[in-house]
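> A structural model of the following input is requested.
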Amino acid sequence: MTYQPDYPHKINSRYNILKHISPKALVKGTLLTSSMLAISGCATSSLLESNDHIITTKQTLSEDQVIAFGRPAQALPKTPNATMVIVGEKNSYVLTQGGTEMISLLSNLTQKNIHVDNDMSFYVPNNDGYFQGEMKLSYAKLKDEFGRSDYQFFLQNNAREYTSASDQRIGAQRFCFNVPVKGAIYPQVSNLSLIQSNYRALTRPYTVSFYTQTQQKNTNRHGANSAQKLVLLPFALAFDVVTFPLQLLDN
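Residues are numbered from 1 along each chain as shown. Here you go, the predicted structure:
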């Protein structure tokens, strides 16, 4: 018995089916398929165009040199919670949250063992005179100089041990404090000249900076962001400050 493939039969069957379809129906089918492809292509194009990447840009608004830390000499209008002031050459930066914790740290820790993080950078979300961020301090001395009361103070103030390899080599122990703060930006203090005359020049520069963030689509048009300046509170007035009895930054 000889086997014969059925390929010619299948081809003839498909030909017979197509033969019974009118040319007009074939044209309509072709047009419908083309339209569907075109619509699909438009949808894909729209999706790609609407899916632009959003770029977040950090923009520095101002930088200032720190002169001292202090307290307002009198109650500040509309800022009843003002407890501590970072005195700058350009402006005054009043802490309305976190200032009490900072004063506690500065008052209870030995000055010569305190290190202030040099990167005091604060976020100004709306550039409306209000800022937020963290104050960072570290405190280190020889391990055998710590007492029970020291460790109790660290526990109460959420300190974290941050002893480095170099600290260990000399038998020292280090703790760090991160204090969340919020504040308001005021003009330069009225008694700045008096403060500068009473304080020696700092052993190293300490800078406080303020930044905001902007968002924009990543398009082919690369336009430069317009420069912004740090905005003070609309009701802010200059005031006197009473400095702490210790020269915190001069160590």
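> just the element for the closest residue to A236 other than its chain neighbours, please.
Nearest non-adjacent residue to A236, counting by CB to CB, 6 or more residues apart in numbering: Y186, 4.5 Å away. Placement of C-beta: from N, CA and C, glycine included. Counting by DSSP states H and E, the element that carries Y186 is strand 172-187.
> just the buried residues of that strand, please?
172-177, 179, 181-186 (16 or more other CB atoms under 10 Å).
> show me what N91 is bridged to.
P187 (DSSP bridges).
> contacting residues around it?
Residues near N91 by CB atoms under 8 Å, 6 or more residues apart in numbering: S62, D64, I185, Y186, P187, Q188, L230, L232.
> just the pLDDT for the second one.
So that's D64. Looking at D64, its pLDDT is 95.
> next: the fifth one.
In the predicted model, P187 carries a pLDDT score of 95.
> got it, and H222?
52.
> which residues of the stretch 101-250 of the chain fall in helices?
For the stretch 101-250 of the chain, the helices defined by DSSP state H, counting those that start in this stretch cover 148-156, 165-169, 192-198.
> relative to H115, which of those helices is closest?
Among these, helix 165-169 comes nearest to H115, with 11.7 Å by CB to CB.
> alpha carbons of the closest one, as CSV, please.
In CSV, the C-alpha atoms belonging to helix 165-169 read as follows (Å, rounded to 0.1, in the frame of the first residue of the first chain):
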residue,chain,number,x,y,z
ALA,A,165,37.8,51.6,64.8
SER,A,166,40.0,54.6,65.6
ASP,A,167,38.1,55.2,68.8
GLN,A,168,38.6,51.6,69.9
ARG,A,169,42.3,51.8,69.3
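> downstream of the lowest-mean-pLDDT helix or strand in the chain, the next helix or strand is which one?
Ranked by mean pLDDT, DSSP states H and E, the weakest helix or strand in the chain is helix 23-50, scoring a mean of 47. Following helix 23-50 in sequence order, the next helix or strand is strand 54-72 (DSSP H and E).
> what is that next one packed up against?
strand 84-88, strand 91-97, helix 99-108, helix 192-198, strand 207-217, strand 241-243 (3 or more CB pairs under 8 Å, 6 or more residues apart in numbering; DSSP states H and E).
> tell me which of the ones you listed sits most buried.
Of all the helices and strands packed on strand 54-72, strand 84-88 has the most neighbours on average by mean count of other CB atoms under 10 Å, namely a mean of 24.
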